[in-house]
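Engineer: sequence first, then the predicted structure:
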Amino acid sequence: MNMHFENDNDFEEFKIELQKRLNVRAIRNINEPSLKPSAVKMILMNKNNEPHVLLTKRSEKVTSHKGQISFPGGTFDKKDGDIIVTAFRETFEEVGIPREKIEFLGRFDDYFSIAGFHVACFIGAIEYPFAYSFSTDEIDDYVEAPLSIFAEKKYDRTEVYNYQGREVTVYFYNYEGHEIWGLTARILTDFGEIIRN
């Protein structure tokens, strides 16, 4: 996929191709009732003529993953009714992007986190620049990172962890002083496969 845009039409073509690829692939589902259902939103934008992804730095006030770089997202609430509603609701609560301002591109894979969450990942796009409105209780900072560093696997290092008897490779990326690792880095690295192939 072309990741260097000459004009806005190139970004539109990028999104159309991405939608096609997301629509035809089989989503990896997780069926583990003991995990807490949650959702994240991967938000893309055309910044500096290439796709970037919005990531947030979690505050020290949140209950889990304090200070870590993550996607907007959070835990499913029964009032949501559907997990995709969770992704849109949490995105609005954390970064102030309303649902109607997000172009929905598709659903990506499901993941589990070592913190006990079943994470559904949804992909969307927004106009750039966007006037975010961050929840200071949940978000300390943010970064708009080039998607290319994940598609090209420009990580700084990897570490192998043993989780429930199996080895898991953890990627560590650094961008503008932010360390992106853990589940966020795993999702972005896997997503990069769609871009490369």
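Structural biologist: Arrived safely, thanks for sending.
Engineer: drop to CA atoms for contacts and neighbour counts, all remaining ones
Structural biologist: OK.
Engineer: skip the chain neighbours and tell me the closest residue to His185.
Structural biologist: I think there's a mix-up here, since residue 185 is Ala and not His. Among residues not flanking Ala185 along the chain, Tyr171 sits closest, at 6.0 Å (C-alpha to C-alpha, 6 or more residues apart in numbering).
Engineer: surely the one you found forms part of a strand?
Structural biologist: Yes: checked against DSSP: H, G, I helix; E, B strand; the rest coil, Tyr171 lies within a strand.
Engineer: how close does it get to Arg157?
Structural biologist: 6 Å (C-alpha to C-alpha, to the nearest Å).
Engineer: and the two? which has more neighbours close in?
Structural biologist: Neighbours per residue, other C-alpha atoms under 10 Å: of Tyr171 and Arg157, the larger number sits with Tyr171, 23 against 11.
Engineer: you'd agree that one is up against Phe150?
Structural biologist: No: using C-alpha atoms under 8 Å, Tyr171 is not in contact with Phe150; the gap is 9.8 Å.
Engineer: who touches both of the two?
Structural biologist: Ala185 (C-alpha atoms under 8 Å, 6 or more residues apart in numbering).
Engineer: can you name the residues bridging to the residue nearest to Ala185?
Structural biologist: Thr158 (DSSP bridges).
Engineer: contacting residues for it?
Structural biologist: Contacts of Tyr171 (C-alpha under 8 Å, 6+ apart): 155-159, 181-182, 185-186.
Engineer: list buried residues within those residues.
Structural biologist: Buried subset of the contacts of Tyr171 (neighbour count, 16 or more other C-alpha atoms under 10 Å): 155, 181-182, 185-186.
Engineer: if we can go back for a sec, want to throw the contacts of Tyr171 into JSON lines with distance to Phe88?
Structural biologist: Formatted as JSON lines, the contacts of Tyr171 follow (distance: C-alpha to C-alpha, whole Å):
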{"residue": "Tyr155", "distance to Phe88": "29"}
{"residue": "Asp156", "distance to Phe88": "31"}
{"residue": "Arg157", "distance to Phe88": "32"}
{"residue": "Thr158", "distance to Phe88": "31"}
{"residue": "Glu159", "distance to Phe88": "32"}
{"residue": "Trp181", "distance to Phe88": "23"}
{"residue": "Gly182", "distance to Phe88": "22"}
{"residue": "Ala185", "distance to Phe88": "21"}
{"residue": "Arg186", "distance to Phe88": "21"}
